[in-house]
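**Q** give me a 3D structure for the following:
(2 chains)
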Amino acid sequence: QQKVQQSPESLSVPEGGMASLNCTSSDRNFQYFWWYRQHSGEGPKALMSIFSDGDKKEGRFTAHLNKASLHVSLHIRDSQPSDSALYFCAAPGDNYAQGLTFGLGTRVSVFP
Amino acid sequence: NAGVIQTPRHKVTGKGQEATLWCEPISGHSAVFWYRQTIVQGLEFLTYFRNQAPIDDSGMPKERFSAQMPNQSHSTLKIQSTQPQDSAVYLCASSLFGQSSYEQYFGPGTRLTVL
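**A** Model (predicted):
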């Protein structure tokens, strides 16, 4: 079983619309999360990390973390064609000095 | 800053052959990570070096896979006797420090195809 579950698997959003992505952890050791984005043919690139309960906003991207439910979401406002990509939620391992555990990703397609 | 450099970008090997993948981390970064990406399993952590020392190889298959970091400017992932199930994109990442609270910068990956 994946320790980090993402939903939906894929998402189509009209240009200018809002995309909402979800991520849930089954491991209470995961106390903070990263969101990464991967365009085709490239490596993942970090969008933001979130450590505290509540919202964190960076430009058109807003992450929301609820530690009690181990749920984190990512909302993309005013979606652009360049936002079409694979989005990953990632969490640290059992200790901080370890590689990240990634979800399977949500593929976002922004259509004109 | 060229970012994390991985070579080759594509590698095709025959079953049973050896494959060596190279990674050049961002200058000044002390931590190097290797991941494997497939459609079915997604992104899987393989191994991690900090200041060239191996710290965690809990994700590495116990047989046929090995990783080294002989100096601060490059790391290699070697797969002996490659099998078709080793076909994947192998990603290298570096970060300023080893803690996962620091951003990991990924290279473009090496796509390995084992025939």
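
**Q** list the contacts of A:S69.
**A** A:S69 makes contact with A:T24 under the criterion CB atoms under 8 Å, 6 or more residues apart in numbering or on different chains. All C-beta spots, glycine's among them, are computed from the backbone N, C-alpha and C.

**Q** what's the distance between it and chain B?
**A** Per CB to the nearest CB, to the nearest Å, A:S69 is found 21 Å from chain B.

**Q** make sure that residue is indeed in a strand.
**A** No: the assignment for A:S69 by DSSP: H, G, I helix; E, B strand; the rest coil gives coil, which leaves it out of any strand.

**Q** for the helix or strand hosting B:F49, give the mean pLDDT please.
**A** According to DSSP states H and E, B:F49 maps onto strand B:42-50. Summarised as a single mean, pLDDT over strand B:42-50 is 93.

**Q** what does stretch B:11-26 give?
**A** Along stretch B:11-26, the predicted confidence averages to a pLDDT of 97.

**Q** what's in contact with it?
**A** By CB under 8 Å, 6+ apart, the list of residues contacting stretch B:11-26 from outside reads B:1, B:3-8, B:32, B:34, B:72-84, B:86, B:90, B:92, B:94, B:105, B:107, B:110-115.

**Q** need the contact partners of the one helix or strand A:K57 maps to.
**A** When elements are defined using DSSP H and E, A:K57 is found to belong to strand A:54-58. Among residues not part of strand A:54-58, those counted as contacts by CB under 8 Å, 6+ apart are A:47-48, A:50, A:62-65.

**Q** lowest-confidence helix or strand of chain B?
**A** The helix or strand of chain B with the lowest confidence, counting by mean pLDDT, DSSP states H and E, is strand B:53-56 at a mean of 91.

**Q** equivalent analysis for chain A, please.
**A** Lowest mean among helices/strands of chain A [mean pLDDT, DSSP H and E]: strand A:100-102, a mean of 90.

**Q** beyond that strand, next helix or strand please.
**A** The element immediately downstream of strand A:100-102 (helix or strand, assigned by DSSP H and E) is strand A:106-111.

**Q** cool, thanks, signing off.
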